[in-house]
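Q: coords below, sequence missing:
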């Protein structure tokens, strides 16, 4: 189905960015810039919702909405269109990106008030929306990569927004370079996909752009590869999956490429909320789920994804325990939650991963915006040791952040509970190539859930309860903060204006009720017999299923039954989907254990809050272990093992030997040769006209002589 | 005795050679200039001779072109000579061996 409205979703923010960059910089009127920026995103939001929910729209039908804008590259068999495709998965993503993006844009209008680079900030923010939506709606890997790089660029620009702060520039560079490592994997993955299948498209369709065959479908029809380690390097589907995962790990801040995300907090807080919590960092999850057909055919890669995800979740959660900067806590929390999503992908629970992406977008955007509101109210103070007792001063921020806190801790009815519980249950019940490993992964996940509740409680207690430490803190740091006092006149914290609190309230409502789109059958069956797991219903047809049972690794026959619900424009394929969509069988024993685990995760969440409250309520400034506070010295280790050797090699080898010796040497040699030739040749140019005439005559005589000599015998 | 083609060509060659030698050995810039004119007209003579010999008017057309060019060259050349003379007070080309002033 073609619908040209689709391109409005991506081009409206691009137009907004252009207007703000070209006109906004001259107008310098915050109201104009704010209206343009928010209006552009609002248009995208409205169009996304219309296309997703209209009768037969992207979330209803089995045929995606396409928009072929132009044929971008066509070389031999290789074909990449500038074309958009909105199916159930990309539709879901587009909905929450545009909606959460709109709220964050509104918040940013209040937060960035009075900044000199107001127009620049919003131009970049809109450009980011353009890139992110291109990434999500792209119908092939190459266009997705364009969006992928686009969000990377915008992330770089926005992290380094404060041009006068060196650490912001350093953080921006770090983010950009770390992402390059991941992008290397992504590009190789795309190339390998093309080599194996001859296509880079996600969808099969025949439209104005000609007939395109889906690379995913081609891979889905191949046998599942065996679970062995050498297969990673064999150049088959597993290699593709591992390379794509390297890309995802870079963008979504997984071990070992997560180091850029905490530093990225040097950017303005709305940027952290939009890019580094809600949307861009979940692009890796999107990519894996989009390519789920590839991953389900590569059990080795899935296993790696699960392990890395679980390890990242736990690792980042422990670091988050000991941070004192409110945004750093949230940054590590984001890494940890992203780890959860990858864990879910790794055990084949792609829908649970997407569900968690959505709820996480709500509550983490809320927490980041809340922290932004706190920072704004505290006159750009980010250290929680200088906060405390803020709930009296910022009641709305406090109330909304409480919902975010309860949501991320996994308290029932709040959004985070359902998605996190779903992931833990799927992990527990997953059939992994190594038996019993799913229980270990579940244990890691549960421990992470406990730690999450503890550090979030610590953050809330340090910020909103306890003594009002900002007064004494301001006294002893009056030198370096004196300009902030001059600007605002009073050090008293204050509540933020309505344009900042309204998005907080909307997100708080979503963090509270957003989880009801994915209530698992085991819990909903308490109340109703109907299957109310909307998100699973919606996404079921578009993700691939892990081949069941022990046949997974060796039986090639099982592969055929694992055909993913990839869309095709043909009716027969659509019919297939509806068949595979038939109601899952609910096993009573499984339901019982799922309920038990759900109860257990409630207990874990509450225990975490209790522990956090008990430890930190009395001693909010408790010294945490130094190794945690210093983030396990990972930055220092990277510095010593990677950065310094590269620097030394560049300086001693590349610069002093190659650059000065070879490159400069060659150039200097050429220059000296020319000078020397000139020194000899200038004797010909004596300046005597008659000499020149003689030379001309000689030359003419030689030519005539040659001519005469060679033509006479003829 | 009717003049043969070769007579004209011989005369033309002699004139041309005188011109070449004159350009090379003369120092006086006016004399060099006249030698150049001599060469041009030697060529003109050749053209006319061949034109008459082949009963073809093309050669005479070339003569007109050469004469036009020679006139233009004379105008520009004499202008340059006057400019050089004003600067150097001399018509000796060897005195003008440096282009800078």
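A: Here it is on my side, so go on. Everything numeric here is computed off the predicted structure, so don't read it as measured data.

Q: Look at residue A:670 and say how many residues are nearby.
A: 10 (other C-beta atoms under 10 Å in any protein chain shown). In this view, the C-beta of every residue, glycine as well, is placed from N, C-alpha and C.

Q: So it lies in a helix, does it not?
A: Yes. According to DSSP: H, G, I helix; E, B strand; the rest coil, residue A:670 belongs to a helix.

Q: mind listing what's buried in stretch A:34-41?
A: Neighbour-count burial for stretch A:34-41 flags A:34, A:36, A:37, A:38, A:39, A:40, A:41 (criterion: 16 or more other C-beta atoms under 10 Å in any protein chain shown).

Q: JSON lines for these, including pLDDT?
A: As requested, the buried residues of stretch A:34-41 are arranged in JSON lines below (pLDDT from 0 to 100):
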{"residue": "A:34", "pLDDT": "93"}
{"residue": "A:36", "pLDDT": "94"}
{"residue": "A:37", "pLDDT": "94"}
{"residue": "A:38", "pLDDT": "95"}
{"residue": "A:39", "pLDDT": "95"}
{"residue": "A:40", "pLDDT": "95"}
{"residue": "A:41", "pLDDT": "95"}
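
Q: just these that are near chain B?
A: Taking C-beta under 8 Å from any C-beta of the partner chain as the test, chain B is in contact with none of the buried residues of stretch A:34-41.

Q: doesn't residue A:461 make contact with residue A:616?
A: Yes. Counting by C-beta atoms under 8 Å, residue A:616 touches residue A:461, with 4.5 Å between them.

Q: of all of the stretch 51-200 of chain A, which residue lies closest to chain B?
A: Distance from chain B to each residue of the stretch 51-200 of chain A (C-beta to the nearest C-beta) is smallest for residue A:163, at 50.7 Å.

Q: Spatially central residue for chain B, please.
A: residue B:37 (2.2 Å; C-alpha atoms, centre = their mean).

Q: Show me which residues of chain B are close to chain A?
A: So far as C-beta under 8 Å from any C-beta goes, chain B lies against chain A at B:20, B:23-27, B:32, B:93-94, B:96-99.

Q: possible to save those residues as a markdown table with secondary structure and neighbour count?
A: Formatted as a markdown table, the residues of chain B next to chain A follow (DSSP: H, G, I helix; E, B strand; the rest coil; neighbours: other C-beta atoms under 10 Å in any protein chain shown):
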| residue | secondary structure | neighbour count |
| --- | --- | --- |
| B:20 | helix | 21 |
| B:23 | helix | 23 |
| B:24 | helix | 16 |
| B:25 | helix | 13 |
| B:26 | coil | 17 |
| B:27 | coil | 15 |
| B:32 | helix | 23 |
| B:93 | helix | 22 |
| B:94 | helix | 14 |
| B:96 | helix | 19 |
| B:97 | coil | 14 |
| B:98 | coil | 7 |
| B:99 | coil | 7 |
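
Q: List just the nearest of these to residue A:694.
A: Ranked by distance to residue A:694 (C-beta to C-beta), the residues of chain B next to chain A are led by residue B:24 at 5.3 Å.

Q: Pretty sure the closest one sits against residue A:690.
A: Yes. Counting by C-beta under 8 Å, residue A:690 is a contact partner of residue B:24 at 5.6 Å.

Q: For residue A:709, the count of nearby residues, please.
A: 9.

Q: hang on, I meant residue B:14
A: For residue B:14, using other C-beta under 10 Å, the count is 11.

Q: Using the three-state scheme, assign it.
A: helix.

Q: any idea how far residue B:59 is from it?
A: As judged by C-beta to C-beta, to the nearest Å, residue B:14 and residue B:59 stand 20 Å apart.

Q: what do you get for residue A:21?
A: With C-beta to C-beta as the criterion, residue A:21 and residue B:59 are 70 Å apart.

Q: starting at the chain centroid, how far to the longest helix that chain B contains?
A: Determined from DSSP state H, the single longest helix within chain B is helix B:58-88. In terms of C-alpha atoms, centre = their mean, to the nearest Å, the centre of helix B:58-88 is found 9 Å from the chain centre.

Q: any idea of the mean pLDDT for that helix?
A: With pLDDT averaged residue by residue, helix B:58-88 scores 92.
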